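Undergrad: Using only what follows, build the 3D model:
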Amino acid sequence: MTSPDVRVERLDGARAGTALLTVSDPKRRNAMTAALSERLVAVLGEVAADPSVHAVVVTGDDDPKPAFCAGGDLDELAAAGEAGPDALEHIYAGFLALAECPLPTFAAVDGPAVGAGLNLALAADVRIAGESARFEPGFLRLGVHPGGGMTWMAQRLMGPQVTTAMLLGGEGLDAARAAEVGLVLRVATGEGSDGRSAAVTEALRMAAVAGAAPRELVVATKASLRATGRLDRHRDAVAVEVGPQLESLRSEGFREGLARVREATGKK
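TA: Predicted coordinates:
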């Protein structure tokens, strides 16, 4: 029997610069436990500190059938109710680490993303759904208040109406509907490559763009996205961007990029 884990694969070739993280507890359909959460925190810390990694893709083990994360372990949740907030925050630490990762993060969602699994998907910067993806809060059915920041994350993406329908109206979303309401960027269809699902293949394709760019530029751009997302005025956003843009214009990465463009266009 495979032990619960978060497997790490640092890709090479055309996908160099990307780390693929696979949440794996097949017996429980990748349910989030304190141990898995700890492992996710550790792995995300490792890849964020690795200068060769520019982007992160998170998915769930698909053996014996696709599942992103089928929620929090019910026994641990029950125990956390008795133990208090520290125990709950221990379980939440994994998707908080994903949300706070300085690198761009992509979730490739195949199969169910329920409760804590939905939180894990919401914590990524970009979500790609496979055709089998299903998004379910699951909290109300269990008689449990939403946690882990779900009410905040979901409303930012989908607005109050869809979030209320999901959390209080029992509205689950299949892949197509999730794309319609903005929970996922798109639905990946057809066959994937290299034995991976279409969703993982598409997420890796997107991540490879950041993988090929200078790491410091990728990190700075994500930091600016976070900073300007809280602003109300255009002028303030310009002020946030001007420093890192000037730094990039003086970088070796820009000189190399400029040379490539000039060569491609025939300009000297």
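Undergrad: From now on I want contacts and neighbour counts done on CA atoms only, so please keep to that.
TA: Will do.
Undergrad: residue ranges of the helices in this protein, please?
TA: 34-49, 74-83, 85-99, 116-123, 139-142, 150-169, 175-180, 198-212, 215-228, 234-249, 252-265 (DSSP state H).
Undergrad: now those helices as CSV including distance to residue 187 and mean neighbour count?
TA: Putting the helices of the chain into CSV (distance: least, CA to CA, whole Å; neighbours: other CA atoms under 10 Å) gives the following:
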stretch, distance to residue 187, mean neighbour count
helix 34-49, 25, 19
helix 74-83, 30, 12
helix 85-99, 22, 19
helix 116-123, 14, 27
helix 139-142, 25, 13
helix 150-169, 16, 16
helix 175-180, 6, 18
helix 198-212, 7, 22
helix 215-228, 24, 16
helix 234-249, 31, 13
helix 252-265, 32, 12
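Undergrad: between the ones you listed, which gets nearest to residue 4?
TA: Comparison of the helices of the chain against residue 4 by CA to CA identifies helix 34-49 as nearest, at 6.6 Å.
Undergrad: mind saving the C-alpha coords of the closest one as PDB?
TA: Written as PDB, here are the backbone C-alpha positions of helix 34-49 (Å, rounded to 0.1, in the frame of the first residue of the first chain):
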ATOM      1  CA  ALA A  34      -2.300  16.900   8.700                       C
ATOM      2  CA  ALA A  35       0.600  14.700   7.500                       C
ATOM      3  CA  LEU A  36      -0.100  15.500   3.800                       C
ATOM      4  CA  SER A  37      -0.500  19.200   4.700                       C
ATOM      5  CA  GLU A  38       2.900  19.100   6.400                       C
ATOM      6  CA  ARG A  39       4.400  17.400   3.400                       C
ATOM      7  CA  LEU A  40       2.900  20.000   1.100                       C
ATOM      8  CA  VAL A  41       4.300  22.800   3.200                       C
ATOM      9  CA  ALA A  42       7.800  21.200   3.100                       C
ATOM     10  CA  VAL A  43       7.700  20.500  -0.600                       C
ATOM     11  CA  LEU A  44       6.500  24.000  -1.500                       C
ATOM     12  CA  GLY A  45       9.300  25.400   0.600                       C
ATOM     13  CA  GLU A  46      11.900  23.300  -1.100                       C
ATOM     14  CA  VAL A  47      10.800  24.200  -4.700                       C
ATOM     15  CA  ALA A  48      10.400  27.900  -3.800                       C
ATOM     16  CA  ALA A  49      14.000  27.900  -2.600                       C
END
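Undergrad: contacts for it?
TA: For helix 34-49, contacts defined as CA atoms under 8 Å, 6 or more residues apart in numbering pick out 4-6, 8, 19, 23, 53, 76, 90-95, 97-98, 101-103.
Undergrad: centroid residue for this protein?
TA: In the chain, the residue lying closest to the centroid (CA atoms, centre = their mean) is residue 124, at 2.3 Å.
Undergrad: Is it in contact with residue 99, as I believe?
TA: Yes - the pair residue 124 and residue 99 qualifies as a contact (CA atoms under 8 Å) at a distance of 6.0 Å.
Undergrad: who are the neighbours in contact with residue 213?
TA: 54, 253.
Undergrad: Output the below-cut-off pLDDT ranges for the stretch 1-150 of the chain.
TA: 1-2 (pLDDT under 70).
Undergrad: Contacts only, for residue 245.
TA: Residue 245 touches nothing, counting by CA under 8 Å, 6+ apart.
Undergrad: Nothing else from me, thank you.
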